[in-house]
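Participant: What follows is a predicted structure for the sequence shown.
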Amino acid sequence: MQWLDAIIQGVLLGGMYAQYALGMALMFGVMRIVNIAHGDVMILLSLIAVSLAGVLPVGNIGLIVVIVPIAVGIGWALQTFILNRVVGADPLPSLIATFGLSIALQNLMLEVWSADTRSLPNSGIASESFQIGPIYVGLLPVIVLICAFVLTGGLDAVMRYTRFGRGLRAAAADTEAAAMTGVDPKRIYATATAIAVGILGLAAVFAALRATVSPSDGSAQLIYAFEAVIIGGMGSIWGAFLGSMVLGVAQAIGLRVDPGLGILFGHLVFLLVLATRPEGIMARKK
Amino acid sequence: METIKHMRVARATTSSRIAMTLGIVVLVALVAMPWWATSGNIRWAIELCCYIAIAQMWNLLAGYAGLVSVGQQAFIGVAGYLLFVLAQNFGVNPFVAVFLSLIAPAVLAVPTYLLLRRLDGPYFAIGTWVVAEAVRLATSNIDYVNAGAGMTLRVMTQYSQHEREVAFVLLCAVLLLATIGGSYWLLRSRHGLALTAMRDNPVAAASQGVNVGRLRFCIFVAAAVGTGLAGAIYYMAQLRITPGAGFDPFWASMSIFIVMVGGIGSIEGAILGALIYFFADRLFGEFGSAYLIVLGLLTLVIALYARGGVWGLLQKLGDHPWFPVRRKLIVEE
C-alpha cells in the first residue's frame, strides 16, 4: 500500500513536471532550441504572480488570466530578440546565449525579490484533500494533473491538425524548404515560443500555490523538464507528458526508500533510459 | 622551367617567440613565488591557475571536439574526494595522492562517455549535467565521506606553511604545463589537424579518414583528467571539500563564461578569458548579484554578436598568435 501511495503521489508530482516539460517539448523537442533560462523564466513568472497577488485581489483564476498573457509576451520577445538570432544547426550559440540570460535573470530576481522563499497566499485549495480508500490525495495536485493532461492533448492536436502545427514541424525539419513553401520560420518560431512560455505562466501560478519559490530554484525545474522530454522522446508531446510521469514516480519511490535519494532516483532512471532506449519511450517511428 | 630550390615549413612567428619567452618567465616567477610573494598572492595564483586549466580543458571539449559539457564539475569533485580519502583515510602523502586521485576522473569519464556518446549536441550537454548531479547526490548520501557535511584535510598540518606553498606552486606549474602545454602539443601534432578539421565540420573530417568517435573519446577522458587535476589542487589548497562545493554547477558556468568571453576554439582565448574573469571577480565581486547580471548579459551579447570573443576581436586587428598551430610554407630563392 505504501508503494501504491508512492506511485499515486509520483503521478501527481509528474503532473507538475509535465507543465514545465510541455514548453520544453515544443522548444527543445520540436525546434531543437536549448533554452537554459527555461526554469528561470518560470520562477520569474511565479515571483511576478506572488507580487501581483499582493496588490490585485483577483483570486487564483484571475491571477492566471493576468500572468499567462505576460508569459506569452515574454516568450514572443525571447524568441524574436534573442533566440531567432542564434537558432541553427549548431546548438552551442543558443546554449550560450540562454546560459548568459539565465545567470542574468537569476541575479536580477535576487536583486528585486531577495533570496527569500515566497508562495501565493493559501486560499484553502492548497491544503484540501480527499480520500480514496486508505490513500489521501491532495485536491490541488489533481487539478494540476488534469490541467497538464488537457494542455498536452490540446498542444498535440495543435501540432497535428492546425496550419500552425504543420508550419512549425516543417520549419523545424528544414528551415529553408519551409520558407520556400510560404512559411515564415521566424514568425512561426516566435509564436511557438510564446505558446511554450505561456504554458509556463500557468505552471508558474500552480508552482507558487503548491509550494514555495525562490530565485535560485530555476535550474532544478530546468533539469526535470529536460529529463522528461528526453525520457519521453524528442519531438513527441505525449512523450513529454509520459516522461514527466516516469520522472515523478521515480522520485516519489526514491523518496520512500530514503529521503535523500528522491531526486537521485529520477536522475538514475533518466540515465537508464539513455543507456537502454536513447530515442525515448515514445520516439516517433522512422 | 624553374625549379624550387629550398622549401621549409615555418611554424613559429615573432609573436609566438615573444609569447613563449614570456610564458617561461611567468612559469619561473610562479615557481619562485614562495620567495617573493605574500601568502595571499600565492592563494590567488593557485586559484587563477585552476581557472585557466579548467577553462582550457572545456575549450578543448567544446571548441575542438564539439562536446559541449555542462558537467565538468563531476570530475573536479571526484578527483577532490579521492584525494581527501587517500590522504585523510589511508594516510597517503597528499602530494602523491594528488596524482593518484586522477584515477577517479579517468574511471568516471569512460562510462560517462560510453553512455552519452550516442547523443549529439544539446542532448550530450544535458546528459553530462545529469551525470554530475547524480554523482553529487550520491556523494551526499555516502557516510564514508561524511555525506553532506564534507571532509577536511587535517593531514596538511604536518607541513609548514612554506613547505605547502612550495609544493602548491610546483603543482600549479605542472598543471599549467599539462593543460596548456598538453593542448598546444596535441594541436600541433597529427591529431591536431584532425581536431581542427573536426571543429570546422565533423562529417567532412570523418570522410577524410579522421576517426571522430575515437578522437572524441580520447579528448573527453583527457579533459576529465586535466579538469580533475585542477580540482584536486584547488580543494587541497582549500583544505575542505563538500558535495555542494566540489560538484557545484558554478564550475561549468565559469568555464562557459571564460571560454566564451576569451574566445572559443583557441588556446589564447581561454587564457585571456581566465585573466579577465579572475580580475573582474576581484574588482567587481563585491557588487554581488549586480556584477553577475552584467556577466550574464556580457555572455549573451557575445553569443549574439561576437562569437569569437576577445581573442576573435584581437585577431581582427592583426594576426599575432601566441600559440601558432598553422604551418606556413616558405620558399627560398
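Facilitator: All right, it came through fine. Just so it is clear, the model here is predicted, and its values are computed rather than measured. Numbers count the residues shown, from 1 in each chain, chains lettered A, B, ... in the order given.

Participant: Buried ones in stretch B:9-22, by neighbour count?
Facilitator: Judged by neighbour count using 16 or more other CB atoms under 10 Å in any protein chain shown, the buried positions of stretch B:9-22 are B:13, B:16, B:19. C-beta here means a position set from N, CA and C on the backbone, and glycine is covered the same way.

Participant: Return the distance of the last one relative to chain A.
Facilitator: Translated: residue B:19. 27 Å (CB to the nearest CB, to the nearest Å).

Participant: Grab the nearest non-local neighbour of that residue.
Facilitator: Counting by CB to CB, 6 or more residues apart in numbering or on different chains, the nearest residue to residue B:19 once its immediate chain neighbours are dropped is residue B:322, at 3.5 Å.

Participant: Could you pull up phi and psi at the one you found?
Facilitator: Listed backbone geometry of residue B:322 is phi -90, psi -30, with angles given as degrees, to the nearest 10.

Participant: OK, contacts around it?
Facilitator: Applying CB atoms under 8 Å, 6 or more residues apart in numbering or on different chains to residue B:322 gives the contacts B:15, B:16, B:19, B:267, B:268, B:271.

Participant: Now do the buried residues in the helix or strand in which residue A:150 is found.
Facilitator: Counting by DSSP states H and E, the element that carries residue A:150 is helix A:139-161. Counting neighbours by 16+ other CB under 10 Å, one finds that the buried residues in helix A:139-161 are A:140-145, A:147-148, A:151-152, A:155-156, A:158-159.

Participant: re earlier: now tabulate the buried residues of stretch B:9-22 in JSON lines and tack on secondary structure and pLDDT.
Facilitator: Written out in JSON lines, the entries for the buried residues of stretch B:9-22 read as follows (DSSP: H, G, I helix; E, B strand; the rest coil; pLDDT from 0 to 100):
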{"residue": "B:13", "secondary structure": "coil", "pLDDT": "81"}
{"residue": "B:16", "secondary structure": "helix", "pLDDT": "83"}
{"residue": "B:19", "secondary structure": "helix", "pLDDT": "85"}
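
Participant: what does the stretch 151-286 of chain A put close to chain B?
Facilitator: Residues of the stretch 151-286 of chain A lying close to chain B by CB under 8 Å from any CB of the partner chain are A:219, A:223, A:226-227, A:230, A:258, A:260-261, A:263-264, A:267-268, A:270-271, A:274-275, A:278.

Participant: Which stretches in chain A count as helices?
Facilitator: Remark: helices of chain A, listed N- to C-terminal, are A:2-24, A:38-55, A:59-77, A:84-86, A:92-113, A:139-161, A:163-173, A:175-180, A:185-210, A:218-232, A:237-257, A:262-276; assignment by DSSP state H.

Participant: of all these, which lies closest to residue B:290?
Facilitator: Closest to residue B:290 of the helices of chain A, according to CB to CB: helix A:92-113, at 6.6 Å.

Participant: Let me know the outermost residue of chain A.
Facilitator: In chain A, the residue that sits farthest from the middle, by CA atoms, centre = their mean, is residue A:180; the gap is 32.2 Å.

Participant: Which positions in the one helix or strand residue B:45 maps to come out as buried?
Facilitator: Residue B:45 belongs to helix B:39-58 when assigned by DSSP H and E. Neighbour counts over helix B:39-58 (16+ other CB under 10 Å) mark B:42, B:45-58 as buried.

Participant: circling back: which one of the contacts of residue B:322 is nearest to residue A:103?
Facilitator: Top of the list for closeness to residue A:103, among the contacts of residue B:322 and by CB to CB, is residue B:271 at 22.2 Å.

Participant: The closest one: neighbour count?
Facilitator: Using other CB atoms under 10 Å in any protein chain shown, residue B:271 has 25 other residues around it.

Participant: try the one 5 residues further on
Facilitator: Neighbour count of residue B:276, defined by other CB under 10 Å: 17.

Participant: re earlier: is it possible to get a markdown table of the buried residues of helix A:139-161 that adds pLDDT?
Facilitator: Conversion of these to a markdown table gives the following (pLDDT from 0 to 100):
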| residue | pLDDT |
| --- | --- |
| A:140 | 88 |
| A:141 | 89 |
| A:142 | 91 |
| A:143 | 90 |
| A:144 | 91 |
| A:145 | 94 |
| A:147 | 93 |
| A:148 | 94 |
| A:151 | 94 |
| A:152 | 94 |
| A:155 | 93 |
| A:156 | 92 |
| A:158 | 92 |
| A:159 | 90 |
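
Participant: surely residue B:247 meets residue B:135?
Facilitator: Yes - with contact defined as CB atoms under 8 Å, residue B:247 and residue B:135 form a contacting pair (6.3 Å).

Participant: what are the C-alpha coordinates of stretch B:57-73, in CSV please?
Facilitator: Below are the C-alpha coordinates for stretch B:57-73, written out as CSV (Å, rounded to 0.1, in the frame of the first residue of the first chain):
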residue,chain,number,x,y,z
MET,B,57,40.0,21.7,-20.8
TRP,B,58,36.5,22.9,-21.5
ASN,B,59,37.8,24.7,-24.6
LEU,B,60,39.3,21.5,-25.9
LEU,B,61,36.0,19.8,-25.4
ALA,B,62,33.6,22.4,-26.7
GLY,B,63,35.9,24.3,-29.0
TYR,B,64,37.6,21.4,-30.8
ALA,B,65,35.9,18.1,-30.1
GLY,B,66,32.4,19.5,-30.4
LEU,B,67,31.5,18.1,-27.0
VAL,B,68,29.6,20.8,-25.0
SER,B,69,29.7,19.6,-21.4
VAL,B,70,28.0,21.3,-18.5
GLY,B,71,29.1,18.6,-16.2
GLN,B,72,32.8,19.0,-15.8
GLN,B,73,32.3,19.6,-12.1
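
Participant: how distant is it from the center of its chain?
Facilitator: Using CA atoms, centre = their mean, to the nearest Å, the mean C-alpha position of stretch B:57-73 is found 9 Å from that of the whole chain.

Participant: Please enumerate the shared neighbours of residue B:247 and residue B:135.
Facilitator: Shared contacts of residue B:247 and residue B:135 (CB under 8 Å, 6+ apart): B:74, B:77.

Participant: Which one of the two is surrounded by more residues?
Facilitator: The neighbour comparison of residue B:247 against residue B:135 (other CB under 10 Å) goes to residue B:247, with 29 against 24.

Participant: so what's residue B:330 bridging to?
Facilitator: With DSSP bridges applied, residue B:330 shows beta-bridge pairing to residue B:8.

Participant: quick one: it from residue B:18, how far?
Facilitator: Counting by CB to CB, to the nearest Å, the separation of residue B:330 from residue B:18 is 20 Å.

Participant: and if you look at residue B:277?
Facilitator: Counting by CB to CB, the gap from residue B:277 to residue B:18 is 24 Å.

Participant: same check, this time on residue A:210
Facilitator: Here the distance between residue A:210 and residue B:18 works out to 61 Å (CB to CB).

Participant: for residue B:287, same thing?
Facilitator: Distance, residue B:287 to residue B:18, by CB to CB: 36 Å.

Participant: Residue A:13 too?
Facilitator: For residue A:13, the distance to residue B:18 - CB to CB - is 60 Å.

Participant: which residue sits closest to residue 191 in space, ignoring its chain neighbours?
Facilitator: Looking at chain A here, since you left the chain open. residue A:164 (6.6 Å).

Participant: wrong chain, I was asking about chain B
Facilitator: residue B:215 (6.6 Å).

Participant: May I see the buried residues of stretch A:260-280?
Facilitator: Buried residues in stretch A:260-280, counted by 16+ other CB under 10 Å: A:261-271, A:273-274, A:278, A:280.

Participant: so for it, what's the average pLDDT?
Facilitator: Per-residue pLDDT values across stretch A:260-280 average out to 87.
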